[in-house]
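Undergrad: could you look at this predicted model? Sequence included:
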Amino acid sequence: MPVKTDRNDARGIAQVVRTESFKPVHVKSIGSQRARILAAARKHIVRSIAAAEQVIRGLLRPLGLKTGIVSRNQSVRDASS
């Protein structure tokens, strides 16, 4: 394997193009990419909120305090719509 340099990379890419030893790939649409990003962001926010709730519960438990069911703000649920 040759040393990794820009020149050797260019040579390798040129060789692949010349021999046509590559496969076409599917590129997702911009809309699909945006939907995936929004879904991932929402998932992260929901997990962060749940983690914060658990931390608060864990900090209050040694003091003999228990929290009930925590109602969430409707705006978090509407973010996916």
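TA: Perfect, thanks for sending it.

Undergrad: mind jotting down where the helices sit in this structure?
TA: With DSSP state H, the ranges of helices along the chain come out as 6-19, 30-60, 74-78.

Undergrad: for residue 9, the count of nearby residues, please.
TA: Neighbourhood size, residue 9 [other Cβ atoms under 10 Å]: 11. All C-beta spots, glycine's among them, are computed from the backbone N, C-alpha and C.

Undergrad: pLDDT wise, what is it at?
TA: Note on residue 9: pLDDT of 92.

Undergrad: re the thing from before, adding distance to residue 68, write the helices of the chain out as JSON lines.
TA: Listed next are the helices of the chain as JSON lines, based on distance: least, Cβ to Cβ, whole Å:
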{"stretch": "helix 6-19", "distance to residue 68": "60"}
{"stretch": "helix 30-60", "distance to residue 68": "10"}
{"stretch": "helix 74-78", "distance to residue 68": "19"}
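
Undergrad: residue contacts, residue 52?
TA: With Cβ atoms under 8 Å, 6 or more residues apart in numbering as the criterion, no residue contacts residue 52.

Undergrad: what distance do you get for it to residue 42?
TA: Residue 52 sits 16 Å away from residue 42, going by Cβ to Cβ, to the nearest Å.

Undergrad: the bottom helix or strand of the protein by mean pLDDT?
TA: Of all helical and strand segments in the chain, the minimum by mean pLDDT, DSSP states H and E falls on helix 74-78, at a mean of 55.
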